[in-house]
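*Asks:* Okay, structure incoming, though there's no sequence with it:
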């Protein structure tokens, strides 16, 4: 007769405690992952006394009638690339920039047409906007 086997208690784990621990760990990692956002990094950005603007080599304007102007000269959309290239050749800047000055009524297609013409000429483009801070 071996009585020792019947006197031993069998070990059993209670899964209810494990559920609580897993739930707490899940909440912890969710909260930490939302706080670890790289866009939250605070930086000390230098300030300038004047507005920093791109050098305006060529200004392409689009009015509310969808007419294009390189500088002050009216130009057709088909010859836009040649008009910008001619204005760049006159300025002879090291880093030429095309500033797009579009009316609120100008369509996005016309703005993109100017951007494509500048891209074909390997030029940087800047879209002029109104400063609302004043």
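*Replies:* Ah, there it is. Just so it is clear, the structure is predicted and the values come from calculations on it, not from any experiment. Numbering: from 1, shown residues only.

*Asks:* For the rest of this, base every contact and every neighbour count on C-alpha atoms.
*Replies:* Fine.

*Asks:* Which is the succeeding secondary structure element to the longest helix along the chain?
*Replies:* Of all the segments of type helix in the chain, defined by DSSP state H, the longest one is helix 15-35. Following helix 15-35 in sequence order, the next helix or strand is strand 58-62 (DSSP states H and E).

*Asks:* outside of the following helix or strand past that next one, which residues touch it?
*Replies:* Using DSSP H and E, the next helix or strand after strand 58-62 towards the C-terminus is strand 68-70. Residues external to strand 68-70 that are found in contact with it (Cα atoms under 8 Å, 6 or more residues apart in numbering): 58-62, 74-77, 80, 83-84, 87.

*Asks:* same thing with stretch 24-32?
*Replies:* Contacts for stretch 24-32 (Cα under 8 Å, 6+ apart): none.

*Asks:* In that stretch, which residues are buried?
*Replies:* Across stretch 24-32, burial judged by 16 or more other Cα atoms under 10 Å covers no residue at all.

*Asks:* what does stretch 80-98 give?
*Replies:* In terms of neighbour count (16+ other Cα under 10 Å), stretch 80-98 has its buried residues at 80-81, 83-85, 87-88, 96-98.

*Asks:* chain center to that stretch, what's the gap?
*Replies:* The chain centre lies 26 Å from the centre of stretch 80-98; the measure is Cα atoms, centre = their mean, to the nearest Å.

*Asks:* Averaged pLDDT, that stretch. What do you get?
*Replies:* The average pLDDT for stretch 80-98 rounds to 84.

*Asks:* Name the spans of the protein whose pLDDT lies under the cut-off.
*Replies:* 1-8, 36-56, 130-134 (pLDDT under 70).

*Asks:* residues touching residue 98, list them.
*Replies:* Counted by Cα under 8 Å, 6+ apart, residue 98 has contacts 56-60, 118, 123-126.

*Asks:* quick one: which helix or strand includes it?
*Replies:* strand 97-102.

*Asks:* tell me what the helix or strand just after that strand is packed against?
*Replies:* Moving toward the C-terminus from strand 97-102, the next helix or strand (DSSP H and E) is helix 108-120. Applying 3 or more Cα pairs under 8 Å, 6 or more residues apart in numbering; DSSP states H and E, one finds that helix 108-120 contacts strand 58-62, helix 80-91, strand 97-102, strand 124-127.
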